[in-house]
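J.: model the structure of this input:
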Amino acid sequence: MTADGGELRRTLGFRDLVVYGLLFIAPMAPVGIFGTLDAKSHGAVALVYVVATVAMAFTAFSYAQMVRVAPQAGSVFAYARKGLGEGAGFIAGWMAMLDYLLIPAVAYLFAGIAMEALVPSVDRWVWTAIAVVITTLLNLWGVRAAARVGMAVLALEIVVLLVFVVSAVAVLARDGGTRGWSTPFTSDVGFSPAAVLGGVSVAVLSYLGFDAIASFAEEVTGGSRQVARAVLSCLVLAGALFIAQTYLVALLEPMSSAELAANPAAQGSAFYDAVDTSVGAWLHDLVAVSKAIGAAFAALAAQAAAGRLLFAMGRARRLPRVLSRTDSGVPRVALLLAAVVTLLAAVWAARRADGLDRLVSVVDIGALTAFVLLHASVVGWFAVRRGDGPVRWISHVLLPVIGAGILIAVIVEAAGSARIVGAIWLAVGLVVLMSQRGRGRGQGQGQGRSAPLTGKP
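T.: Residues are numbered from 1 along each chain as shown. Next comes the predicted model:
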């Protein structure tokens, strides 16, 4: 047990980490935003996911480097403290908190919307609340138990995805596609690099969650190398799944990308409409059920990661220390706080017509800002502080700088309202940091003496 807080129990293996990552991301994450991406990219939706996967690979590589240096719960919070100092660490954790607390709310709301479509007599906020309660109980039970249930849910999602792929290939082999075979990579109305980049700024949201794997660094049985492998493996698997399904559904889409752009109301259901028209209503319903269950368990993984972040910040006394308490190796206080916040946000959004749009518009800014600080941490630790021997200029400087530049470009392309919310949240974080500056410096130094980060697994 560390001097500053509780101790987490090491029960997770490599497979468990990948399950958590894929649950958080959700194998069919493009379903809800396919129409928007298709319209934005002028039909080059599969290319959008190729570029987004490459873009996020820089971030995954930086995670893989820093998890070996600071194999602790809290992921980017711990990494920025190590590479940039206490203040930057707090800001990284603070910005990631915005993402980690709101992404579960979005996922719970997706589950509620999907269930309301199947059972219209029950309001979506009721389904949303039920999903929060069930998944919170699983998280309180323990990370290992939640991983077992999550494995079953992930298997269901992958089976449904395989059914879609087989059905789509059969229809395409029999009837051909409504668009040209290369158009998901080249556009159906005229290729535009700017349009593809605009699509990437939205598509990158599908990947938020693979980084949550790093939050379980203190609960892994095989050391930090297992975490690094899982982060990279999860990104590769998710990217392959996203590219394959968007390529196939783009070929089946009855509307052109220009028609979708001119009809925003049709964008949200574009994936379902393409499946319904080309394959049949039975697959439409199967995908909807899978999406409802998958969204709830994506929230389970997100809530677990949020709890670990709050735990780590509480242990470092950057948040109330009570959050660092554990019970049988489970950070139950931190998990309950995360559950309460996400429950309030999700139910509030479920009861408003514009609730989903309001949540979705801000969830990415926190994560993307934290990712930029992650890349800066790699440069800070390896190239500036020389904390790990000789500098490897490509992996320690060039790749992180490229990764940060890509993320900054994505932030610039984000919605103006999201940037405003992110700026306000950052300003509040800076005020909190200044208010605890003296105390935080002394306690940060104390933690450095009592619980040193050795950089070893």
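
J.: contacts for stretch 224-233 next, please.
T.: Outside stretch 224-233, the residues that touch it by C-beta atoms under 8 Å, 6 or more residues apart in numbering are 13-14, 17-18, 21, 60-61, 63-65, 67-68, 71, 210-211, 213-214, 216-217, 220, 457. No exception for glycine: its C-beta is placed from N, CA and C like everyone else's.

J.: should've said stretch 113-121
T.: Contacting residues not belonging to stretch 113-121 are listed as 122-124, 127, 285, 288-289, 291-292, 295, 350, 356 [C-beta under 8 Å, 6+ apart].

J.: dump the residues you listed into a markdown table; add distance to Val106 as well.
T.: Converted to a markdown table, the contacts of stretch 113-121 look like this (distance: C-beta to C-beta, whole Å):
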| residue | distance to Val106 |
| --- | --- |
| Val122 | 20 |
| Asp123 | 18 |
| Arg124 | 13 |
| Trp127 | 14 |
| Asp285 | 23 |
| Ala288 | 17 |
| Val289 | 19 |
| Lys291 | 13 |
| Ala292 | 14 |
| Ala295 | 9 |
| Ala350 | 11 |
| Leu356 | 7 |
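
J.: tell me which of the contacts of stretch 224-233 fall in helices.
T.: 14, 17-18, 21, 60-61, 63-65, 67-68 (DSSP state H).

J.: what is the nearest of those to Val275?
T.: Top of the list for closeness to Val275, among the ones in helices among the contacts of stretch 224-233 and by C-beta to C-beta, is Gly21 at 26.0 Å.

J.: so where do the helices sit in the stretch 151-300 of the chain?
T.: In the stretch 151-300 of the chain, the helices defined using DSSP state H, counting those that start in this stretch lie at 183-186, 193-203, 224-252, 257-262, 270-278, 281-315.

J.: of these, flag the one that's most buried.
T.: Ranked by average neighbour count under the criterion mean count of other C-beta atoms under 10 Å, the helices of the stretch 151-300 of the chain are headed by helix 281-315 at a mean of 25.

J.: how far does stretch 64-80 stretch from start to finish?
T.: Taking C-alpha to C-alpha, to the nearest Å, the first and last residues of stretch 64-80 lie 14 Å apart.

J.: counting neighbours, which bits of the helix or strand in which Val51 is found end up buried?
T.: Val51 is located in helix 45-69, with elements delineated by DSSP states H and E. The neighbour-count criterion (16 or more other C-beta atoms under 10 Å) identifies 45-53, 55-69 as the buried residues of helix 45-69.

J.: report pLDDT for the closest residue to Ser206 other than its chain neighbours.
T.: Once its chain neighbours are removed from consideration, Ser206 has its nearest residue in Ala29; the separation is 4.2 Å (C-beta to C-beta, 6 or more residues apart in numbering). In the prediction, the pLDDT value recorded for Ala29 is 80.

J.: what's the burial count for Ala29?
T.: As a burial measure, Ala29 scores 27 neighbours (other C-beta atoms under 10 Å).

J.: residues contacting it?
T.: Listed by C-beta under 8 Å, 6+ apart, the contact set of Ala29 reads 206, 238, 242.

J.: and the first one, how far is that from Tyr49?
T.: The span separating Ser206 from Tyr49 equals 8 Å under the rule C-beta to C-beta, to the nearest Å.

J.: mind showing which ranges of the stretch 51-200 of the chain have poor pLDDT?
T.: Per-residue confidence of the stretch 51-200 of the chain (counting by pLDDT under 70) places the weak regions at 72-74, 117, 142-147.

J.: typo on my end, it should be the stretch 301-450 of the chain
T.: 353-358, 360-362, 413-415, 417, 437-450.

J.: check the ones in helices among the contacts of stretch 224-233 against Ile103 and report the nearest one.
T.: Distances from Ile103 to these, taken by C-beta to C-beta, are shortest for Gly21, at 13.3 Å.

J.: mind checking pLDDT for the closest one?
T.: As summarised for this prediction, Gly21 has a pLDDT of 78.

J.: that one touches Phe216, doesn't it?
T.: No: counting by C-beta atoms under 8 Å, Gly21 sits too far from Phe216 to count as a contact (9.6 Å).

J.: run through the residues that contact Leu335.
T.: Remark: with contacts taken as C-beta under 8 Å, 6+ apart, Leu335 is in contact with 136, 139-140, 303-304, 307.

J.: need phi/psi at it.
T.: Torsion angles at Leu335 (phi, psi; degrees, to the nearest 10) stand at phi -60, psi -40.

J.: and it, how far from Gly307?
T.: With distances defined as C-beta to C-beta, the gap from Leu335 to Gly307 amounts to 4 Å.

J.: what residues do these two have in common as contacts?
T.: Taking C-beta under 8 Å, 6+ apart as the contact rule, the neighbours common to Leu335 and Gly307 are Asn139.

J.: what number of residues lie near the residue nearest to Ala88 when sequence neighbours are not counted?
T.: When the adjacent residues along the chain are set aside, Ala88 lies closest to Ala80, with 4.7 Å between them (C-beta to C-beta, 6+ apart). Applying other C-beta under 10 Å, we find 30 residues neighbouring Ala80.

J.: residues in contact with Ala80?
T.: Applying C-beta under 8 Å, 6+ apart, one finds that Ala80 lies in contact with 88-89, 91-93, 370, 373-374, 376-377.

J.: after the helix holding Val51 comes which helix or strand?
T.: helix 76-84.

J.: and that following helix with helix 281-315, angle?
T.: Between helix 76-84 and helix 281-315, the angle formed by their directions is 50 degrees, by axes from the mean of the first three to the mean of the last three C-alpha atoms, to 10 degrees.

J.: off-centre distance for helix 76-84?
T.: Between the mean C-alpha location of helix 76-84 and the chain-wide mean there is a distance of 19 Å, by C-alpha atoms, centre = their mean, to the nearest Å.

J.: quick one, it and helix 45-69 angle?
T.: Between helix 76-84 and helix 45-69, the angle comes out at 70 degrees (the same axes, to 10 degrees).
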